[in-house]
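**Student:** Make a model of this:
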Amino acid sequence: MTTLHPDLSLSPSAAARVAAIAERQGKPAMLRLSVEGGGCSGFQYKFGLAEAIEPDDAVAETAGVKLVVDSVSLDLVRGAAVDFVETLGGTAFRVENPQAASGCGCGSSFAV
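**Tutor:** Here you go, the predicted structure:
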């Protein structure tokens, strides 16, 4: 059984984008967000389609699309919202992370 986590959210635009990518690739509509060391601010976000939900994953769901985060990464993104934005500079998933004390200009790395 999957329990939805109250400290994560996936915007409708992000859910729609994940669903479209997953359909093209023939995979489940599940976006995995993880945090790795590195980037210009100390930590960086990593996105990819998930094949399955692991036992220690936190899960949020919007319009049938799941956002999954492992338990180690959850400590660094608790309360985060994942959005998909389209600007003149391009398109990207963006994490609004209340745990981040600072970030870089590109929005893909952060410090706590």
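**Student:** C-alpha only now, for contacts and for neighbours.
**Tutor:** Will do.
**Student:** residue at max distance from the center of this protein?
**Tutor:** The outermost residue of the chain relative to its centre, with distances by Cα atoms, centre = their mean, is residue 88 at 21.9 Å.
**Student:** For that residue, report the pLDDT, please.
**Tutor:** For residue 88, the model assigns a pLDDT of 81.
**Student:** Phi, psi for it please.
**Tutor:** Note on residue 88: its backbone torsions stand at phi -60, psi -30 [degrees, to the nearest 10].
**Student:** show me the contacts for it.
**Tutor:** Shown in contact with residue 88 (Cα atoms under 8 Å, 6 or more residues apart in numbering): no residues.
**Student:** again, but for the one 10 residues further on
**Tutor:** Listed by Cα under 8 Å, 6+ apart, the contact partners of residue 98 are 77, 78, 79, 80.
**Student:** mind putting those in CSV, neighbour count included?
**Tutor:** Converted to CSV, those look like this (neighbours: other Cα atoms under 10 Å):
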residue, neighbour count
77, 23
78, 19
79, 16
80, 18
